[in-house]
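Trainee: no sequence for this one, just the structure:
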């Protein structure tokens, strides 16, 4: 158990080698049986953003400010974000030894660091449903985002919310501060900008929606970029408003989970 706990990412051969080097005479199969008897299973690790101390504190402060928000208030928010879809989703990577209930334990997580990458798709959702997707040819820079906002997001939001009215617009933390010109344009539409902490996908329900879309596409095999775009668009359009509303109703629980974790990554 001590060998496993020291490094959860050792494979069975490495565990067996270290055990035998400690003076235990046992086969590889026996090593495997003992590990399973201790309650460990070899699983694919979850991937979470690596948060520094300052980001964790910002995470915690932000959630404490929003802890009294109701589902009705969150239903007035239009959440947006980018996602990259690939023809092949690739290898799932190394597995990790863990017990039941340890999926979110720090020693069992596979951390990711967010770097700017090529972006193919921009999307948005609210409690009322999804907006049409915007397919991109370049990374989302501020000028590109300005075009999305003016020609795509605001018209889509007007159609999506209709008479209910959009209250707040989620501006992704990766772009820093919302440009003044965009704030002015949003204010002209009666929309405020929702401040957002960096590296906080567990607080953005559209991240879960991207995951739902990718799972629905798991058995699809597009052969080229055009087929991939068509598949993504079709799958995205099939998302019912009820599913979006269910994700929005999870916001109070997400807030509570971050506060409980003191700003660290949560199960969301």
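Mentor: In hand now; what should we look at? Predicted model only: the values in this text are computed from it and were never measured.

Trainee: residue 105: how many residues sit nearby?
Mentor: 13 (other C-beta atoms under 10 Å). For the C-beta atoms, the positions are set from N, CA and C on the backbone; glycine is no exception.

Trainee: tally of neighbours for the nearest residue to it once chain neighbours are set aside?
Mentor: In this structure, residue 105 finds its nearest non-sequential neighbour in residue 98, 6.8 Å apart by C-beta to C-beta, 6 or more residues apart in numbering. The number of residues packed near residue 98 is 22, by other C-beta under 10 Å.

Trainee: tell me the mean pLDDT for stretch 7-20?
Mentor: If you average the pLDDT over stretch 7-20, you get 93.

Trainee: how far off centre is it?
Mentor: Counting by C-alpha atoms, centre = their mean, to the nearest Å, stretch 7-20 is centred 31 Å from the centre of its parent chain.

Trainee: ok, residue 67 touching residue 255?
Mentor: Yes: with contact defined as C-beta atoms under 8 Å, residue 67 reaches residue 255; the gap is 5.3 Å.

Trainee: of these two, who's got more company?
Mentor: More crowded of residue 67 and residue 255, by other C-beta under 10 Å: residue 255, with 22 against 12.

Trainee: what are the buried residues along the strand or helix carrying that one?
Mentor: Assigned by DSSP states H and E, residue 255 belongs to helix 251-260. For helix 251-260, the neighbour count (16 or more other C-beta atoms under 10 Å) marks 251, 252, 254, 255, 257, 258, 259 as buried.

Trainee: which one of those is nearest to residue 217?
Mentor: Checking the buried residues of helix 251-260 against residue 217 by C-beta to C-beta gives residue 254 as the nearest, at 24.8 Å.

Trainee: show me what contacts the closest one?
Mentor: 202, 203, 205, 266, 268 (C-beta atoms under 8 Å, 6 or more residues apart in numbering).

Trainee: redo that, cut-off 6 Å
Mentor: 203, 268 (C-beta atoms under 6 Å, 6 or more residues apart in numbering).

Trainee: separation between it and residue 69?
Mentor: The spacing between residue 254 and residue 69, counted by C-beta to C-beta, to the nearest Å, is 11 Å.

Trainee: what's the following helix or strand after the lowest-mean-pLDDT helix or strand in the chain?
Mentor: Within the chain, no helix or strand scores below helix 180-188, which has a mean of 59 by mean pLDDT, DSSP states H and E. Where DSSP H and E defines the elements, the next helix or strand beyond helix 180-188 is strand 192-194.

Trainee: tell me which strands that next one pairs with, and in which orientation.
Mentor: strand 168-170 (parallel) (DSSP bridges).

Trainee: what is the mean pLDDT for the partner strand?
Mentor: pLDDT averaged over strand 168-170 gives 65.
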